[in-house]
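Novice: next come a sequence and a model predicted from it.
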Amino acid sequence: MAARGDDQRAALLGAGGRAECSPGLPAPGAGSVNAPALGGDGGGGGGGAEGGTAAAGAVFIVVNAALGAGLLNFPAAFGDAGGVVAGFSLQMVLLVFIVSGLLVLALCAGRSGARTYQEVVRAQCGAHAGAVCEGCIALYTFGTCVTFLVIVGDQLDMLVQAVSHRTHVAPVPWFCDRRFTISVVSVVLILPLCFPREIGFQKYASLFGVLGTWYVTGVIIVKFFLGGYKHGEIITRPSSLAAVFNAIPTICFGFQCHVSSVPIYHSMRRPTLARWGGVVTAATLICLLVYTGTGVCGYLTFGASVSPDVLLSYPSGDVAIAIARLFLIVTVLTSYPILHFCGRAVLEGLWLRWTGVCTEAEPPGRERRRRAAQTLGWFLLSLLLAIFTPDIGRVIALIGGLAAAFILIFPGLCLLCFVLNTERESILARLLLGWSCVMVTLGTFLLVQSTAAAIERDVRHH
């Protein structure tokens with residue numbers, strides 16, 4: 001059992017932004033969503049295992065958890081924000097809240113001994129808040145699964161176009177239609193990987209995904225300096241305040257590694273808030289370089305005409321871009337099952353607590369049937385939504401609001417409860433109370449605004 005759990009947690013921690021979730025989640029059917037963290041010793045606040053992760057390794061894991069599919073939408077987000085300067089400035093403002101959220105989670109996890117994100121929320125804010133948090137994690141992982149399938153469809157469409165030398169105006173054969181290719185590839189290559197109870201076999205998806213992300217960024221930067229692309233207008237200021245808010249979900253989605261941060265913190269050798277602060281700072285700088293390089297160079301290459309998925313703006317016959325498309329497809333094929341596992345584990349935990357089912361006394365066949373039904377329902381619904389979703393920007397606009405909840409609302413509530421339950425009379429305590437209120441208020445506003453704006457855009461375009 002211990003070896004099996006180590007494989008699961010290693011795979012989840014290495015899932016990257018493409019499959020970002022809480023590494024501490026157990027296999028579905030385990031009876032609980034609570035599991036020991038990687039390398040932890042069961043205690044909180046600096047009780048890391050002797051063989052825990054070094055600080056440099058923790059930096060890599062945090063970077064791996066943050067970087068992912070949101071990268072493709074950053075050039076369009078920079079355009080929404082009002083250009084390069086405005087986009088970078090918006091990133092820097094949001095990074096203040098992103099980093100503070102990671103520090104708050106580590107503070108609360110160290111004091112409470114909680115080993116996963118949802119356990120921290122449950123320990124600080126109560127069982128009801130923990131259940132809401134788990135529901136949000138399930139929605140977030142499902143939305144990201146839809147994003148993955150949209151990416152598969154988009155990149156397959158361009159690869160088929162390159163291989164067949166078909167132009168945009170030529171009629172599309174039925175076997176080259178996006179709806180057909182995305183369905184066949186998903187059913188044949190993704191669905192079988194979603195049924196197993198454990199996902200230790202996915203542990204090597206992490207390295208491949210990181211290499212793919214860096215390759216995509218490198219290609220976009222090189223293509224910008226080589227030039228030769230026709231671009232639209234390069235704007236230098238936002239068209240409206242609403243346009244700026246439209247860029248925020250992409251940035252939140254891109255930097256959201258908070259759900260994985262608690263197990264990563266406990267996996268560290270001698271975890272302390274100071275050491276964690278160094279890890280977070282280094283990881284954030286690396287992510288900032290990657291996202292800024294992609295956003296700036298992608299936007300300046302195509303200007304206002306940039307696609308929500310920047311790779312779709314390049315010609316289908318470009319060999320370097322075709323390799324990037326293949327990287328993305330393979331990464332998604334290996335990451336979707338991991339993310340599905342995370343969401344399924346949360347749903348299973350909620351279901352078991354709600355029904356009071358004892359998994360130890362449950363016949364194995366019943367758990368297998370329930371797991372198969374959960375997997376098929378999750379997969380078919382995500383595939384259906386991906387087929388009828390025109391671009392990843394639509395999905396990110398929706399789930400980016402949930403990312404704001406993980407970055408701002410839940411950490412803000414945890415900080416608020418933490419201060420109220422300890423000492424509230426000092427000047428520092430009052431400052432922390434004020435900051436927690438700012439985080440919760442801003443997070444709630446961004447969640448409501450981004451969700452409403454995304455729904456309004458979908459209704460308008462239909």
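Specialist: All right, it came through fine. Numbering: from 1, shown residues only.
Novice: which residues are contacting stretch 84-93?
Specialist: Defining contact as CB atoms under 8 Å, 6 or more residues apart in numbering, one finds that stretch 84-93 is touched by 77-79, 81, 236-238, 244, 247-248, 251, 288, 291-292, 295-296, 299-300. From N, CA and C alone the C-beta is placed, and that goes for glycine too.
Novice: what residues of stretch 211-224 count as buried?
Specialist: For stretch 211-224, the neighbour count (16 or more other CB atoms under 10 Å) marks 212, 213, 216, 217, 219, 220, 221, 223, 224 as buried.
Novice: any idea how far residue 97 is from residue 310?
Specialist: Here residue 97 is placed at a distance of 25 Å from residue 310 (CB to CB, to the nearest Å).
Novice: can you pull the contacts of residue 247?
Specialist: 77, 78, 80, 81, 87, 90.
Novice: nearest to residue 373 among the buried residues of stretch 211-224?
Specialist: residue 212 (32.5 Å; CB to CB).
Novice: avg pLDDT for the strand or helix carrying that closest one?
Specialist: Residue 212 belongs to helix 205-226 when assigned by DSSP states H and E. The pLDDT scores in helix 205-226 average 85.
Novice: and it, how far out from the chain middle?
Specialist: Here the centre of helix 205-226 is set off from its chain's centre by 18 Å, with CA atoms, centre = their mean, to the nearest Å.
Novice: just checking, what packs against it?
Specialist: Helix 205-226 sits against helix 2-13, helix 55-66, helix 273-302, helix 319-355, with contacts defined as 3 or more CB pairs under 8 Å, 6 or more residues apart in numbering; DSSP states H and E.
Novice: go through the ones you listed and name the closest to residue 449.
Specialist: The closest of those to residue 449 is helix 273-302. By CB to CB, the value is 21.2 Å.
Novice: elements contacting the closest one?
Specialist: When contacts are defined as 3+ CB pairs under 8 Å, 6+ apart, helix 273-302 sits against helix 55-66, helix 74-81, helix 84-112, helix 205-226, helix 241-255.
Novice: okay, angle between the fourth one and helix 74-81 too, please.
Specialist: Read that as helix 205-226. Going by axes from the mean of the first three to the mean of the last three CA atoms, to 10 degrees, helix 205-226 is angled at 60 degrees with respect to helix 74-81.
Novice: quick one: helix 205-226 to helix 273-302, angle?
Specialist: Using the same axes, to 10 degrees: helix 205-226 against helix 273-302 is 40 degrees.
Novice: just the third one next, same as before
Specialist: Between the axes of helix 84-112 and helix 273-302, defined by the same axes, to 10 degrees, the angle is 160 degrees.
Novice: these two touch, right, residue 54 and residue 270?
Specialist: No - in this structure, residue 54 is not within contact of residue 270 by CB atoms under 8 Å, at 9.9 Å.
Novice: quick one: low-confidence ranges for the stretch 151-300 of the chain?
Specialist: Of all residues in the stretch 151-300 of the chain, those with pLDDT under 70 make up the ranges 165-172, 199-207.
Novice: again, only this time at 90
Specialist: Residues of the stretch 151-300 of the chain meeting the criterion pLDDT under 90: 153-179, 181, 193-214, 227-233, 236-243, 246, 260, 263, 267, 269-270.
Novice: hang on, residue 238 in a helix?
Specialist: No - under DSSP: H, G, I helix; E, B strand; the rest coil, residue 238 falls outside any helix and is assigned coil.
Novice: now the residue nearest to it when sequence neighbours are not counted. Its backbone dihedrals?
Specialist: Leaving aside its chain neighbours, residue 238 sits nearest to residue 82 (3.2 Å; criterion: CB to CB, 6 or more residues apart in numbering). Residue 82 adopts backbone torsions of phi 120, psi 20, taken as degrees, to the nearest 10.
Novice: tell me who's in contact with residue 82.
Specialist: Residues in contact with residue 82, defined by CB under 8 Å, 6+ apart, are 235, 236, 237, 238, 239, 243, 244.
Novice: what subset of the residues you listed is buried?
Specialist: In those, burial by neighbour count holds for 235, 238, 243, 244, counting by 16+ other CB under 10 Å.
Novice: just name the closest of the residues you listed to residue 110, please.
Specialist: When these are compared for distance to residue 110 (CB to CB), residue 244 wins out at 35.6 Å.
Novice: hang on, that closest one packs against residue 79?
Specialist: No - using CB under 8 Å, residue 244 is not in contact with residue 79; the gap is 11.1 Å.
Novice: quick check, pLDDT for the residue nearest to residue 238.
Specialist: Here the pLDDT value assigned to residue 82 is 93.
Novice: separation between it and residue 234?
Specialist: Per CB to CB, residue 82 is found 11 Å from residue 234.
Novice: surely residue 402 is in contact with residue 135?
Specialist: No - the criterion here is CB under 8 Å, and residue 402 misses it with residue 135 at 10.2 Å.
Novice: more crowded one of those two?
Specialist: A count of neighbours by other CB atoms under 10 Å puts residue 402 above the other of residue 402 and residue 135, at 24 against 14.
Novice: next one: the more buried one from residue 162, what distance?
Specialist: Residue 402 is 35 Å from residue 162, where distance means CB to CB.
Novice: neighbours of the closest residue to residue 298 other than its chain neighbours, just the number please.
Specialist: Excluding the flanking residues, the one nearest residue 298 by CB to CB, 6+ apart is residue 75, at 3.0 Å. By other CB under 10 Å, the residues close to residue 75 number 27.
Novice: my guess is residue 75 meets residue 293, correct?
Specialist: No - the pair residue 75 / residue 293 is not scored as a contact, 10.5 Å apart, by CB under 8 Å.
Novice: need the overlap of contacts for these two.
Specialist: Common neighbours of residue 75 and residue 293 (criterion: CB under 8 Å, 6+ apart): residue 220.
Novice: helix or strand: which one has the nearest residue to residue 187 once chain neighbours are set aside?
Specialist: Distances taken as CB to CB, 6+ apart put residue 383 closest to residue 187, at 7.9 Å, once the chain neighbours are dropped. Per DSSP H and E, residue 383 falls inside helix 364-387.
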